[in-house]
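*Asks:* Here's my sequence, what's the structure:
(4 chains)
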Amino acid sequence: MSTANQKITEEIRAQAERLLSSGEVEAFLGYEKGSLPMSVRPFTARKPEDAGRLVWNSFCVLNLANYLPALLKSLEPPRRPGDPPPEGPLPRVAVVATGCWSRNIVVQIRENQVDRDRVTIVGVPSRGMVSAMKVRAAVNGREITAVTEEDHLLLVEGNGFRQEINRWDVVRDNCKTCRHPDPVIHDILIGKKAGQRQVQEPFAQVKDIESKDSARRWQWFAEAFESCIRCYACRNACPLCYCPTCFVDDSRPQWVGKSTDRTDTLLFHLLRAYHCAGRCTDCGSCESACPVGIPMRLLTKKLNMDVLEMYGSEAGMSLDEPLPLTTYDPSDPQGFVLTEREEKGGTR
Amino acid sequence: MSYISKTKNPYRPYPARLDQIKVETEDGNLKTFRIVLEDEREREAWNHNAGQFAMLSLAGKGEIPIGIASSPTEKGHLLFTVNRAGVVTTALHNMREGDRIGVRGPLGNGFPVDTDLKGKNIVIIAGGFAFTTLRATLIYMLENRDNYGKITVIYGARTPGMLLYRDELRAWQARDDVEMHVTIDREAPGWDGLVGFVPTIAGEVAPSPENAAALICGPPIMIKFTMPPLEKVGWTDEQVYLSLENRMKCGIGICGHCSVGPVYVCNDGPVFTRSQVRKLPVEY
Amino acid sequence: MKVLKFDRKGMGKWLARLGEKGNVYVPASSKEGKTAIGWRKLESAEMPPVSPGVPARPVKNFLLPQPEVLFRFSTRPGKEDSFIPREPEPGQVDNIIFGVRPCDARSIMLNAMPYENDPYYQARMEHNIIIGLTCGEPCSTCFCSWTGGSPMGTDGCDLSVTELEGAFMARAITRRGEKLLEEAAGIAVEADHDAVEGLEKMSATAVAGAGSGTAPERALRERDLMELYNAPFWQDLAERCINCGACTFLCPTCYCFDIQDETLHGKGRRIRYQDSCMFPLFTLHASGHNPRGQKVQRVRNRFMHKLKYFPDRFGPLSCVGCGRCVRDCPVNIDIREVMGKLLAL
Amino acid sequence: MGTTSENKWEPKIVAFLCNWCSYAGADLAGVSRFQYPPNIRIIRLPCSGRVSANMILDALRSGADGVLVSGCHPGDCHYISGNLFARRRFALLNNLLEFVGIEPGRVNFSWVSASEGEQFAEVVREVTETVKKLGPSTRLVKNIG
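*Replies:* Numbering: from 1, shown residues only, chains lettered A, B, ... in the order given. Next up, the predicted model:
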């Protein structure tokens, strides 16, 4: 048994019980045990006695910030458009948040989807979450019946086999390249801060693709995204996707066809990723939710890299800075503009 | 896959011409389209029940389910009164006489005019542009007048200019074998008929439930408020027929869009008795 | 009943020979690269590696392809042929699909119930030949016996193959299946008495095992619809659901579709493609009214359709217990728990 | 493919021009009789800030062999900063498209003012030349058979 996770679980439970019984929050967003090995379920505790159901382990891969805007809204008294805002403080919610999730909450606050005063952020420095897909690959696709987690090992059991896996080997790629495992904002901190992590080459995967020529990149893109079933799990698992009508559902005009036609599938992924530009924290929720293993994170990662290089910004690092695409700098790079190319005497 | 043509393909629209387009209401949002199937054999073979609908099909825009406003007794053409709301209806409104569309149908069950309703006193209650399939029903009944007892019509719209089929309303009002109660929501200059919401008028008319059936089409809110005055004078759910409108795609009970519980509105309906509807989840 | 016995190599040879009769498809494992439908075309005379449990994607992708072209037409206004629908050209080649698990094969028959009068589905049934592969080792997410199936089931199969002590036993279920077995002349031998007995014993145990699951469809059918509809746990389930359509697209028995026109440069086609009742758009009226506008309504509809509405209409559950939705749901919504809750109500 | 048919191929280029600068620049190029290739199909928009990724991708999806987006020079925007916001979006989109293998030169951006008729013609010449060299667009083009 992982002592680290056990300690965190206990503290989460204690905090949930305290917050719920004191009435400080109406609901506590965390995880509970799932029905399969390597599965947990997002769980909203609403009564102090629910607190005992909360758990924490390396399979908490779905970003809980995803639920926050809707949960907050559901606790408001119903009102019609044009009605005055309700008087007095509105019910509050507590949410468990790692580094990237807390940054998503920052983005949601900046985008007026979440009211800071209504959220109690229970920060948990992340040790990196494990990819179930990697674990399955590590045991050659054999059926897994149980997985026990120790601090640095996973014990995987199946029909007629038992295997130890080094935990870090199966940690998700986004977690491996994460530089901010600690929550950037929190009201309660569970465990010790890990500090900023040094990552040799956070954008190695992106640069690997960039080393290919255009035709090969296209081939990579078309093949990697071919098996998409258009279930939109990536979109719906994303805390940034809260538009009432997604561009996919627009019918006047219809931007993207809805079948698994290749062009339409690729367009969907391009536009979905592009909508996350300057907002994505590389939490990996999209990729973890994908039932067919599409590496859509690489698109957002590429955008993150460009945003960092060109505008010096990482999403959700501060409540005070505007999001990079809601602002500009007169001296922003524009070498891509034909009339501004250096050989034409333009400025970069 | 040669087989497809071997059997009748229920997805295949019949090519048809927009024969005549008439603006029905003062806001211009409702037009009645007279449509003629291009193929003579298809035209002659066409046979529908009052209360059925058809899929109108526009090249590149898609299909929409629209109630058939013409009576089965009006031969040679079909009438559809269409409200401009979405992509397809807007495109249809922009079409001109002589343009080609597709028609797929007839679909659904329709009102049981030749079975359960035969020999009964009939009360038709309609609000706004939901009058379309009831127009078909009324004309059918008037054409087969001996099959029915007393026929009462209660029809209302927001303003006089929003009433559908105004010439026909006048003609029916002049007849003595149908009792017409045409109403508008609020007083309007030049209007000397009834004023008041449909439920209010229904309460005032208080049709007798004896050996009678009521066919009600209109916005959900109208249906909701029309029931209490009817119940007050003894109407039961079995006597009341409603026509549901859900989003539909295939129209033949497969695609799932219009499903309400175990029922497919397109195939099992759109006409249900109120007692049938009560057994369903409120997902319509 | 004739049973043929293949060794692994012979199986590969036979499949290669079938490749001359049609396109042979086998489940694509993740290492073999991904394909749009989750199955790959067999190109060599190899018996494909078969992993336990169901392939990642259901066999329905062959019967309800994305997209299915219903018609083609011209959109040039004024032209004589503008919008005269033309049905797609007949396809000549059959698909022979190998490695279809009993649950998936059964889904073809279940879906054929609503699609009884659908010429496109019926044609796909005609042109897709199913070689079933029984399950010696069911997975922990499998529950076919709960839903009226069996790990040895042959519903929906033209041929059924069972792996038994390192050999493959194939028996024909339909005339089409018999024809395919004729191609095994010189490759396979007729199974001896012991082998046939072993196969029968396996089937018998599987059926006995299936009996222990009881048939929940009967129990659910006897229950009042509104009682199940108003069950209190739907809200809890919906709270966690992220409303994606992974379950429906991976489900072999989710058969809903949407129809749309696509046009480009004067050409048009009317297509249908798999749709999901989990999406709010599924039921949205043009007026803006949405009968299943809330997530809880959509979550409930999916399960109620499988476990109550469909059985009320057609008899069996619209679930074959393949476990894909259990395995791949991002938030671990488990239909087995839902069934348990509905049955215990 | 024979050389004759290749020679006949002329690229179709969709140009999204802002109303105040680039469209006026195109207009000036016209009235000043500056020659430029007839391959562009102009779509006029109020501002380059109005050009969304959807539009650019929709042009590619519909089979445009090239796309040109042109707005006012930074600092000259009729709406003060529309093009400065747009510049960030275009830079990211441009990179993203190249990242997934859309050939550099399919999608182009320029700043052309109302008085730069000659520059506009020059930009169109350059874009047409680039797209001609790339050949017909195939990636991201929708095919409905």
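*Asks:* which helix is the longest one in chain A?
*Replies:* Ranked by residue count, the top helix of chain A under DSSP state H comes out as helix A:3-21.
*Asks:* what about stretch A:192-208, how long is it end to end?
*Replies:* Start and end residues of stretch A:192-208 are separated by 34 Å (CA to CA, to the nearest Å).
*Asks:* got the buried residues for that stretch?
*Replies:* Within stretch A:192-208, the residues that count as buried by 16 or more other CB atoms under 10 Å in any protein chain shown are A:Arg197, A:Pro202, A:Phe203, A:Gln205, A:Val206. The way it works is simple: take the backbone N, C-alpha and C, and place the C-beta from them, glycine included.
*Asks:* Name the residues that touch that stretch?
*Replies:* Contacts with stretch A:192-208, where a contact means CB atoms under 8 Å, 6 or more residues apart in numbering or on different chains, come from A:125-127, A:173, A:176-182, A:298, A:301-302, A:304-305, D:99.
*Asks:* From the residues you listed, list the buried ones, please.
*Replies:* For the contacts of stretch A:192-208, a burial check counting by 16+ other CB under 10 Å picks out A:125-127, A:173, A:177-178, A:180-182, A:298, A:301-302, A:304-305, D:99.
*Asks:* Wait, C:Cys319 touches C:Arg336, no?
*Replies:* No: under the criterion of CB atoms under 8 Å, C:Cys319 lies out of contact with C:Arg336, with a separation of 9.9 Å.
*Asks:* where does chain C have low pLDDT?
*Replies:* Applying pLDDT under 70 to chain C flags the ranges C:1, C:30-35, C:78, C:90-91, C:207-215.
*Asks:* So which other helices or strands are in contact with the longest helix seen in it?
*Replies:* As assigned by DSSP H, the longest helix anywhere in chain C is helix C:193-211. For helix C:193-211, the helices and strands in contact under the criterion 3 or more CB pairs under 8 Å, 6 or more residues apart in numbering or on different chains; DSSP states H and E are strand C:3-6, strand C:159-164, strand C:167-172.
*Asks:* what about 7 Å?
*Replies:* Here helix C:193-211 is seen to pack against strand C:3-6, strand C:159-164 when contacts are counted using 3 or more CB pairs under 7 Å, 6 or more residues apart in numbering or on different chains; DSSP states H and E.
*Asks:* Looking at those, which is nearest to A:Phe336?
*Replies:* Each of these was scored for nearness to A:Phe336 using CB to CB, and the closest is strand C:159-164 (57.3 Å).
*Asks:* Now render the helices and strands packed on helix C:193-211 as CSV, adding distance to A:Val292.
*Replies:* Compiled in CSV, the helices and strands packed on helix C:193-211 are given as follows (distance: least, CB to CB, whole Å):
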stretch, distance to A:Val292
strand C:3-6, 32
strand C:159-164, 26
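*Asks:* Could you dump these into a markdown table and include distance to chain D and mean neighbour count?
*Replies:* As requested, those are arranged in a markdown table below (distance: least, CB to the nearest CB, whole Å; neighbours: other CB atoms under 10 Å in any protein chain shown):
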| stretch | distance to chain D | mean neighbour count |
| --- | --- | --- |
| strand C:3-6 | 39 | 20 |
| strand C:159-164 | 33 | 22 |
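*Asks:* Now do the buried residues in the longest helix of chain C.
*Replies:* By neighbour count with 16+ other CB under 10 Å, helix C:193-211 contains the buried residues C:Ala195, C:Val196, C:Gly198, C:Leu199, C:Met202, C:Ser203, C:Ala206, C:Ala210.
*Asks:* Go through these and name the one nearest A:Gly99.
*Replies:* After measuring these against A:Gly99 - CB to CB - the closest member comes out as C:Ala210, at 48.8 Å.
*Asks:* Domain ranges for chain B, per the record?
*Replies:* With automatic domain parsing as the criterion, the domains of chain B are listed as B:3-105, B:121-243.
*Asks:* pLDDT weak spots in chain A?
*Replies:* Across chain A, the stretches falling below the confidence threshold (pLDDT under 70) are A:1, A:342-348.
*Asks:* before we move on, back to that, which one of the helices and strands packed on helix C:193-211 lies closest to chain B?
*Replies:* Distance to chain B, taken as CB to the nearest CB, is lowest for strand C:159-164 among those, at 22.5 Å.
*Asks:* tilt between that closest one and helix C:193-211?
*Replies:* Put simply, strand C:159-164 runs at 100 degrees to helix C:193-211, going by axes from the mean of the first three to the mean of the last three CA atoms, to 10 degrees.
*Asks:* Not counting strand C:159-164 itself, show me its contacts.
*Replies:* For strand C:159-164, the external contacting residues (CB atoms under 7 Å, 6 or more residues apart in numbering or on different chains) are C:131-134, C:136, C:154, C:168-173, C:177, C:180-181, C:195, C:198-199, C:202.
*Asks:* Give me the neighbour count for C:Ala167.
*Replies:* Using other CB atoms under 10 Å in any protein chain shown as the criterion, C:Ala167 is surrounded by 18 other residues.
*Asks:* Would you agree it is in contact with C:Arg8?
*Replies:* No: if you go by CB atoms under 7 Å, C:Ala167 and C:Arg8 don't touch, sitting 8.2 Å apart.
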